[in-house]
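Engineer: Here is the input, now give the coordinates:
(2 chains, ligands or ions: 2)
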Amino acid sequence: MAEAKAIDGRSLVRRRAGLRLWLSASWLGLLCLVALFAPWIAPKDPLAQDLFLGRLPPFWMPGAEPGYLLGTDSLGRDVLSRIVHGARVALAVALIAGTITCLIGATLGLLAGFLRGWVDMIISRMIDIWMAFPPVLFSILLIAVLGPGLVSIIIAIVVIDWTRFARVVRAEAMAQGAMDYVASARVAGRGRPGTMVREILPNVLPTIVVLLTLEMGIAVIVEAILSFVNLSISTDDPTWGGMISEGRTSVHQAWWVLVFPLVTLFLTVLAFSQLGEGLKDRFDPVLR
Amino acid sequence: MADLYSIEALRLSLADMTAKPLFGAAPHIEILRGLSFTIPRGAVVGIVGGSGSGKSTLGRALVRLLEPSGGAIRFDGTDITHLPEAALRPLRRRFQMIFQDPMSSLNPRHRVATIIAEPLRLHGFDAIPDRVARALDHVGLPAHFASRYPHELSGGQRQRVGIARAIALEPDFILADEIVSGLDVSSQAQVLNLLERLVGDLGLTLAFISHDLSVIRRLCQRTIVLHRGEIVEDRPTADLFADPQAAYTRELLEAIPLPDPAQVWT
Ligand SMILES: Nc1ncnc2c1ncn2[C@@H]1O[C@H](COP(=O)(O)OP(=O)(O)OP(=O)(O)O)[C@@H](O)[C@H]1O
Ligand SMILES: [Mg+2]
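Structural biologist: Numbering: from 1, shown residues only, chains lettered A, B, ... in the order given. Ligands and ions are numbered 1, 2, ... in the order given. Next up, the predicted model:
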């Protein structure tokens, strides 16, 4: 009988190694190091132009120059160095915007779902109103008003995406609030704020972590899209979105200018989305 | 003062959300309609009744998870009928509750040790690890279960943790709401034995809600029969089984398969 075996062994069963956690965490860890030490890691100056070295192919193709591993763009700027420096903006936006969005959205969702009543009424109405705006238009409008720049992008992401957290966390907190362990905490004499933080929060935390890493991936994409339409930071600073936008125009002559940043972007977004699920598998005490 | 609880004309009505009109307030339905009874210190009182008769509602009012809409609940001389949560908190240690569904009543992301220790911490107990160990020992769980999560326990073991959490606070009164109805027959017997022993050892006052009359008969000295939010009978259990007065009690007694050698199947 499964129950009988469980008495002895269930807590001893080791979790699966979690390949997806290791892969995604390694990629993101590497990216963080690269972003931190970009000036020392990047082989070239990402802004240095050399028209004689324009559209050099990556190292394995005929005509490659040593020192330009992933080739150069039409202005002769080193693609690898630009990707390395682009990681700074991408990760800064992902971590800062993701975290702030999560804190605001999850807090509001938790309050609404647990306290119910008029608090829920106000927060739910706000969510409804927010959801009525088309997000892409909303973000472009916001950036247009705030002016381009890193801070504007972060503000735009937070302002638009907090509802993503608030909605899910509210529903989850509401479901948890109906459980008997909440009534039990009350019988034990725990107040409302304590119950919310000590009883409900641990049970919505796995969901919050998954949403947070997803949001970080989304932030990377949003930043790339805004760079693509030239609404991100100043065009001089290398960004992955900006590189993709520039590479698009010369994709037939120099595909690498487009493909390498695109692949990096894709891997990063994928890694973020897998990180959350991986963390949940590894650390959530309740096996699903 | 021999009575731990004295309940007078207790009324409780709740808003019926299913019948709420689009605008305006939901109609209230009366769930408890003027109950009066007492629970003497040290007594084991059974509360029986059909489904929907208001047993759980009465229980939740006793531990003030619900606020009555009329009448009075006095606990050890203190009127707790409308006591606000803050004033109630220091008293809460003294009346505890064991829930029907042990999976739902144990926080799935807390370890057993935390589940038992948190209420102790809230009420400022000292030597908490010792008390946790003693509570586990009382309910017959090995000490190393303290580091387990609820999903790593069987149903009967979970219910024992629920009991350990309640008795660790050294309460005067425990409400047990259908605590064995979710368990298989052998776990039921174990939990009931345990409860019987604890009542004797710790001098607890117990209110035991059940629709299983054979359990009530075994455990409780006195039985209150509830029907549609009213008390139809409140007598010593032996008398009640021997000579049910109310028609409803007779119906209940007939509905349960008590061993009856004279029974002839036709
Ligand atoms: N929150 C609520 N809102 C409205 N009505 C409720 C609510 N809770 C319970 N009721 C109603 O109150 C009545 C008594 O419910 P209660 O849970 O006390 O019954 P019970 O005797 O414990 O039944 P059971 O044996 O099925 O557990 C039922 O008719 C039920 O529908
Ligand atoms: Mg009930």
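
Engineer: pLDDT below threshold where in the stretch 101-250 of chain A?
Structural biologist: Scanning the stretch 101-250 of chain A for pLDDT under 70 picks out A:232-235.

Engineer: Please, where are all the strands along chain A?
Structural biologist: Using DSSP state E, no strands are found in chain A.

Engineer: which helix is the longest one in chain B?
Structural biologist: If you go by DSSP state H, chain B has its longest helix at helix B:185-202.

Engineer: Can you give the distance of that helix from its chain's centre?
Structural biologist: Mean-position distance between helix B:185-202 and its chain equals 14 Å (C-alpha atoms, centre = their mean, to the nearest Å).

Engineer: What of stretch B:96-110?
Structural biologist: On C-alpha atoms, centre = their mean, the centre of stretch B:96-110 falls 13 Å from the chain's centre.

Engineer: Same check on stretch A:148-161?
Structural biologist: Relative to its chain's centre, stretch A:148-161 lies at 13 Å (C-alpha atoms, centre = their mean).

Engineer: likewise stretch A:106-123?
Structural biologist: For stretch A:106-123 - counting by C-alpha atoms, centre = their mean - the centre lies 25 Å from the chain centre.

Engineer: can you tell me how far the residue nearest to A:V84 when sequence neighbours are not counted sits from chain B?
Structural biologist: Leaving aside its sequence neighbours, A:V84 sits nearest to A:A42 (C-beta to C-beta, 6 or more residues apart in numbering or on different chains; 4.4 Å). From N, CA and C alone the C-beta is placed, and that goes for glycine too. Separation of A:A42 from chain B (C-beta to the nearest C-beta, to the nearest Å): 44 Å.

Engineer: follow-up on the earlier one: strand partners of the helix or strand following the longest helix of chain B, parallel vs antiparallel please.
Structural biologist: The first helix or strand that comes after helix B:185-202 along the chain, using DSSP states H and E, is strand B:205-209. Strand B:205-209 sits in its sheet next to strand B:44-49 (parallel), strand B:173-177 (parallel), going by DSSP bridges.

Engineer: Any buried residues in the shortest one, and which?
Structural biologist: Neighbour-count burial for strand B:173-177, counted by 16 or more other C-beta atoms under 10 Å in any protein chain shown, picks out B:F173, B:I174, B:L175, B:A176, B:D177.

Engineer: ok so B:R74 is a strand residue?
Structural biologist: Yes. Read with DSSP: H, G, I helix; E, B strand; the rest coil, B:R74 is one of the residues of a strand.

Engineer: which residues touch the residue nearest to A:V84?
Structural biologist: Residues counted as contacts of A:A42 (C-beta atoms under 8 Å, 6 or more residues apart in numbering or on different chains) are A:D78, A:L80, A:S81, A:V84, A:H85.

Engineer: Test for you: state the pLDDT assigned to the closest residue in space to the second one that isn't next to it in sequence.
Structural biologist: Residue nearest to A:L80 in three dimensions, not counting chain neighbours: A:L70, with 4.3 Å by C-beta to C-beta, 6+ apart. Per-residue pLDDT puts A:L70 at 89.

Engineer: do you know how far A:L70 is from A:A42?
Structural biologist: Relative to A:A42, A:L70 is positioned 11 Å away (C-beta to C-beta, to the nearest Å).

Engineer: and B:M97, what element?
Structural biologist: Going by DSSP H and E, B:M97 is in strand B:95-98.

Engineer: which neighbours does that strand have in its sheet, and in what orientation?
Structural biologist: Strand pairing (DSSP bridges) places strand B:95-98 next to strand B:173-177 (parallel).

Engineer: what about the partner strand and ligand 1, touching?
Structural biologist: No. Strand B:173-177 lies out of reach of ligand 1 by C-beta under 6 Å from any ligand atom, never closer than 7.4 Å.

Engineer: Helix, strand or coil: sort out B:I29 for me.
Structural biologist: strand.

Engineer: residues in the stretch 51-200 of chain B within reach of ligand 1, list them.
Structural biologist: Taking C-beta under 6 Å from any ligand atom, the part of the stretch 51-200 of chain B that reaches ligand 1 is made up of B:S51, B:G52, B:S53, B:G54, B:K55, B:S56, B:T57.

Engineer: Could you pull up the residues touching the fifth one?
Structural biologist: This means B:K55. By C-beta under 8 Å, 6+ apart, the neighbours of B:K55 are B:I47, B:V48, B:G49, B:D177, B:I209, B:H211, B:L226.

Engineer: ok, now which ones touch residue 203?
Structural biologist: In the absence of a named chain, chain A is used. Counting by C-beta under 8 Å, 6+ apart, A:N203 has contacts A:E172, A:Q176, B:N107, B:P108, B:R109.

Engineer: my bad, the chain I had in mind was chain B
Structural biologist: Counting by C-beta under 8 Å, 6+ apart, B:G203 touches B:G42.

Engineer: now it: how far from B:G46?
Structural biologist: 18 Å.

Engineer: Could you dump the buried residues of strand B:173-177 into JSON lines with pLDDT added?
Structural biologist: Output for the buried residues of strand B:173-177, formatted as JSON lines (pLDDT from 0 to 100):
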{"residue": "B:F173", "pLDDT": "96"}
{"residue": "B:I174", "pLDDT": "96"}
{"residue": "B:L175", "pLDDT": "97"}
{"residue": "B:A176", "pLDDT": "95"}
{"residue": "B:D177", "pLDDT": "93"}
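
Engineer: Let me have those in JSON lines, adding distance to B:T18 as columns.
Structural biologist: Formatted as JSON lines, these follow (distance: C-beta to C-beta, whole Å):
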{"residue": "B:F173", "distance to B:T18": "33"}
{"residue": "B:I174", "distance to B:T18": "32"}
{"residue": "B:L175", "distance to B:T18": "27"}
{"residue": "B:A176", "distance to B:T18": "29"}
{"residue": "B:D177", "distance to B:T18": "23"}
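
Engineer: and of these, the nearest to chain A?
Structural biologist: B:L175 (8.8 Å; C-beta to the nearest C-beta).

Engineer: Which two of the contacts of A:N203 have the greatest separation?
Structural biologist: Greatest spacing in the contacts of A:N203, by C-beta to C-beta: A:E172 and B:N107 (14.5 Å).

Engineer: residue ranges of the helices in the stretch 51-200 of chain B, please?
Structural biologist: Secondary structure of the stretch 51-200 of chain B (DSSP state H, counting those that start in this stretch): helices at B:55-62, B:85-92, B:102-105, B:112-122, B:128-138, B:155-168, B:185-202.
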